[in-house]
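**Q** have a look at this prediction, sequence included:
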Amino acid sequence: TPRECARIQGFPETFSVAVRLNPNRIYHQLGNAVCPPIVAALGAAMLRVLNHSDPASPASLAEDLAPCLSLVLQASPHPSRSVPAFTLASSTHIPSLKDRIDGFLSSDGCDIPVYDGFSVSLDCWRDSIQAKEQVDTLMPLLASPSSWAQMQALHAVCRLLHEHNSNPDPDTLHIRTALLSRPGLIPSVLKCLSSTNDINEGEIMRLAAVALINLCQDTKMIPLVKTANLIETLETLTKISTWDILSEKIERLLRILTTHKQT
């Protein structure tokens, strides 16, 4: 509906949607509009630079983002409502948007991940030395308590392995080698498969499953991926997940591992 589109764009609930206009014009106008919370965040970033405040100071960062987050709350119809988590037991609830924002502000913004020095651009993985440096930067993101950091790292692993599997170019073999030779990479991805990282847990699990599927394209990697409890974990996830996209990836990974067990 037009109201839902206004919410997605970040307009507050008090914003008047001109329902008397042609509905197509309403969608057109909302689609062309700027997103108020994004503008507030960009403005805060520019003010911090102009004021020469310390960009690494989490306290000032949370303080500067407070107006932006206030706009996000105003654009939510139920900012104080908690909701059931969709992959865990039904008794588990995701904190409300207001509780999450209050928690972020009270923690002085320490949850914001820093991605400096990390890139999924192949230009930054040109040789084995650069690839190793990128993997070294990727590992702390995988282990980060921030769901956004974990998702970025998993997305990078998925993309890099998929590109090599789709087109096994000798010139990019060092990328796969750098990923697979890094101690702790596979255990870190496996740990993400059992994520309980609040609202983003489903996407983290999906990306972890996709990463493991790409790893298992090389059958020599399957014994390293298949831990004692992994099959049981996957079977449990297929029973409790209500997200079809996640279930499909989990079931595919399960088939790969069980088929390899039979052979």
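**A** Ah, there it is.
**Q** in the stretch 51-200 of the chain, which spans are helices?
**A** 58-74, 97-106, 128-142, 147-166, 173-180, 185-192 (DSSP state H, counting those that start in this stretch).
**Q** export those as CSV, with columns for mean pLDDT and distance to residue 46.
**A** C-beta coordinates here come from the backbone N, C-alpha and C atoms, glycine included. Below are the helices of the stretch 51-200 of the chain laid out as CSV (pLDDT from 0 to 100; distance: least, C-beta to C-beta, whole Å):
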stretch, mean pLDDT, distance to residue 46
helix 58-74, 76, 10
helix 97-106, 74, 20
helix 128-142, 83, 26
helix 147-166, 82, 22
helix 173-180, 81, 36
helix 185-192, 88, 35
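**Q** will you turn those into JSON lines that also has mean neighbour count and distance to residue 41?
**A** Rendered in JSON lines, the data for those read as follows (neighbours: other C-beta atoms under 10 Å; distance: least, C-beta to C-beta, whole Å):
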{"stretch": "helix 58-74", "mean neighbour count": "17", "distance to residue 41": "4"}
{"stretch": "helix 97-106", "mean neighbour count": "15", "distance to residue 41": "13"}
{"stretch": "helix 128-142", "mean neighbour count": "18", "distance to residue 41": "21"}
{"stretch": "helix 147-166", "mean neighbour count": "20", "distance to residue 41": "14"}
{"stretch": "helix 173-180", "mean neighbour count": "19", "distance to residue 41": "33"}
{"stretch": "helix 185-192", "mean neighbour count": "19", "distance to residue 41": "27"}
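**Q** now distance to residue 242 too, for these, in a markdown table please.
**A** Shown next, in a markdown table, are the helices of the stretch 51-200 of the chain (distance: least, C-beta to C-beta, whole Å):
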| stretch | distance to residue 242 |
| --- | --- |
| helix 58-74 | 26 |
| helix 97-106 | 21 |
| helix 128-142 | 26 |
| helix 147-166 | 19 |
| helix 173-180 | 32 |
| helix 185-192 | 20 |
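**Q** which stretches of the stretch 151-263 of the chain have low pLDDT?
**A** Low-confidence segments of the stretch 151-263 of the chain (pLDDT under 70): 195-199, 228, 261-263.
**Q** how about residue 203, what does it touch?
**A** Residues in contact with residue 203 (C-beta atoms under 8 Å, 6 or more residues apart in numbering) are residue 151.
**Q** circling back: closest one to residue 259 among the helices of the stretch 51-200 of the chain?
**A** Of all the helices of the stretch 51-200 of the chain, it is helix 147-166 that lies closest to residue 259, at 17.7 Å by C-beta to C-beta.
**Q** state the distance from the nearest residue in space to residue 152 that is not next to it in sequence to residue 147.
**A** Of all residues not flanking residue 152 in the chain, residue 141 sits nearest, at 6.0 Å (C-beta to C-beta, 6 or more residues apart in numbering). The gap separating residue 141 from residue 147 is 11 Å, by C-beta to C-beta, to the nearest Å.
**Q** how about residue 185?
**A** Distance from residue 185 to residue 147, by C-beta to C-beta: 19 Å.
**Q** next one: residue 45
**A** Going from residue 45 to residue 147 by C-beta to C-beta gives 22 Å.
**Q** equivalent analysis for residue 205, please.
**A** Per C-beta to C-beta, residue 205 is found 11 Å from residue 147.
**Q** what does residue 71 give?
**A** Distance from residue 71 to residue 147, by C-beta to C-beta: 22 Å.
**Q** do the same with residue 176
**A** Distance, residue 176 to residue 147, using C-beta to C-beta: 26 Å.
**Q** again with residue 96
**A** 17 Å.
**Q** residue 232 too?
**A** Remark: distance between residue 232 and residue 147 (C-beta to C-beta) = 24 Å.
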